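Enquirer: Here is the input, now give the coordinates:
(one chain, ligands or ions: 1)
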Amino acid sequence: MNRCQKCVLPEQTPNITFDDSGVCNYCHTYRPVSYQGEDAFIARLEPFRNGARPYDCLVPISGGRDSSYVLLKLVKDYKMRVLAVNYENPFTVPQARTNIKNACQTLGVEVVHFCNGDKNHRITFRQSVEAWLQRPSPGLIPIVCIGCKPAWWHIYGVARRHHIPLIVSGGNPYEVISYKRELVGISRDEAANKAFYKYVYAIRTMLQNRAYFKPRLLLTMASSYLLGNPNSLGLKLVGRNITWLELFNFVPWNETTILNRIRQELGWDYPQNLPSSWRFDCRVKHMVDLMYLATLQLTDKEDFYAKLVREGRMDRATAVQRLTLENKPQIEEIGILLDQAGIRDTALVDALFAQTAVSQAAMETVG
Ligand SMILES: [Zn+2]
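Expert: Residues are numbered from 1 along each chain as shown. This next block holds a predicted model:
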């Protein structure tokens, strides 16, 4: 397989081109992430320290590595009085629940768990996978994750009920996957939130596949557009008195530091049958990887590691080595997921596995 000589993006990345030295256009237009610094973050926290209220801030936690680290930093390093909140996603793996329990016990933090109608999430996932399988389109893959989006609405609700004016979450700047923006016709160079254009693209593409036209699925899509993240219109209105901060806009995201600290200080772990700790907490991630592998022969990890290489946070050889190891379909996990979602007819998913195996073998032969 031919990859960019500077980062690791492969030749099948959407809209990729290479110069004479084998360096890709994604590298040429890349703008390094800039951080506001830890002092700026601490200064932003100051106005929210208020002994009159039971909590200074709310931290959404999934049991994954980044949100666990945010909780640790807020409580231990910044001495904030934190309430944790957890969406009980029906596809969460048990280790993630154990991580939440361990972290909250160790740090002495209370946690509010909520579920958003397990049935609704399962059905939305099943319908989006079944529709996608009818006519696989890489641009529509993100719809399978839509069941989690309404959780933000409930997180803001928890903040309001407990009179907490600050939410701190652990989104990391390298996770904005550039090729997905290219797929839906949005320039990878634009930093602005382009949710509207993503939805226009999704609706246009869905018109070619009527299997998507299920009331529950469409309703979840509409609500995720209006309420699906802190930048959405609905949450900006509802959360006018609530400040939302991302730790990793201030403090550099560093995988080694994060893993070392959460392992040592919180007893954090991930299932040893998985090749990577990234997003291990939800099984849907494995299905998403399979869908990208079957249609584009790459996954989010290519883009994520390419960014880390450009930022000098990972060397290229390590990234290539990791991709070889990690970009294997997780057959067992996907089997459990399909069962949990009630997808009984797995013939089409089996076809995806076969397609992925054939294209991976072909790429290994080439390169
Ligand atoms: Zn490159």
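
Enquirer: can you pull the contacts of the residue lying closest to residue 88 once chain neighbours are set aside?
Expert: The shortest distance from residue 88 to any non-neighbouring residue, by C-beta to C-beta, 6 or more residues apart in numbering, is to residue 115 (4.2 Å). To be clear about C-beta, it is placed using only N, CA and C from the backbone, and glycine gets the same treatment. For residue 115, the contacting residues are 87, 88, 90, by C-beta atoms under 8 Å, 6 or more residues apart in numbering.

Enquirer: what residues does this structure put near the ion?
Expert: 4, 6, 7, 9, 24, 27 (C-beta under 5 Å from the ion).

Enquirer: ok, these vs residue 229, which is closest?
Expert: Residue 229 has its nearest neighbour among the residues of the chain next to the ion in residue 9, at 25.9 Å by C-beta to C-beta.

Enquirer: what about that closest one, distance to residue 310?
Expert: Here the criterion is C-beta to C-beta, to the nearest Å. By it, residue 9 lies 10 Å from residue 310.

Enquirer: Those two: who's more crowded?
Expert: Shown here are residue 9 and residue 310; by other C-beta atoms under 10 Å, residue 9 has more neighbours (26 against 22).

Enquirer: Could you report the neighbour count for the residue of the stretch 51-200 of the chain at minimum distance from the ion?
Expert: The nearest approach of the stretch 51-200 of the chain to the ion comes at residue 178, 10.3 Å away (C-beta to the ion). Residue neighbour count, defined by other C-beta under 10 Å, stands at 22 for residue 178.

Enquirer: again with the one 4 residues further on
Expert: Residue crowding around residue 182 was assessed by other C-beta under 10 Å; the count is 17.

Enquirer: what is the rounded mean pLDDT of the strand or helix carrying it?
Expert: Here residue 182 sits within helix 178-183, counting by DSSP states H and E. Mean pLDDT, computed over helix 178-183, is 75.

Enquirer: And the helix or strand just after it, what does it pack against?
Expert: Beyond helix 178-183 on the C-terminal side, the first helix or strand identified by DSSP H and E is helix 195-206. Under the contact criterion of 3 or more C-beta pairs under 8 Å, 6 or more residues apart in numbering; DSSP states H and E, helix 195-206 touches helix 215-227.

Enquirer: Compute the inter-axis angle for the helix it packs on and helix 195-206.
Expert: Helix 215-227 runs at 160 degrees relative to helix 195-206, counting by axes from the mean of the first three to the mean of the last three C-alpha atoms, to 10 degrees.

Enquirer: elements contacting helix 215-227?
Expert: Checking 3+ C-beta pairs under 8 Å, 6+ apart, helix 215-227 ends up next to helix 118-134, helix 151-161, helix 195-206, helix 233-238.

Enquirer: Mind listing residues that contact the third one?
Expert: Okay, so that is helix 195-206. For helix 195-206, using C-beta under 8 Å, 6+ apart, the contacting residues are 137, 139-140, 142-143, 184-186, 212-213, 221, 225, 228-229, 231-232.

Enquirer: and what of stretch 239-256?
Expert: So stretch 239-256 is contacted by 35-38, 40-41, 44, 48, 66, 69-70, 73-74, 156, 159-160, 164-174, 230, 308, 313 (C-beta under 8 Å, 6+ apart).

Enquirer: and if we set it to 7 Å?
Expert: When contacts are defined by C-beta atoms under 7 Å, 6 or more residues apart in numbering, stretch 239-256 is touched by residues 35-38, 40-41, 44, 70, 73, 156, 159, 165-174, 230.

Enquirer: among these, which ones are buried?
Expert: Among the contacts of stretch 239-256, those buried by neighbour count (16 or more other C-beta atoms under 10 Å) are 41, 70, 73, 156, 159, 165-174, 230.

Enquirer: what residue ranges in the stretch 201-350 of the chain are flagged as low confidence?
Expert: For the stretch 201-350 of the chain, applying pLDDT under 70 flags no range at all.

Enquirer: Kind regards, and thank you for your time.
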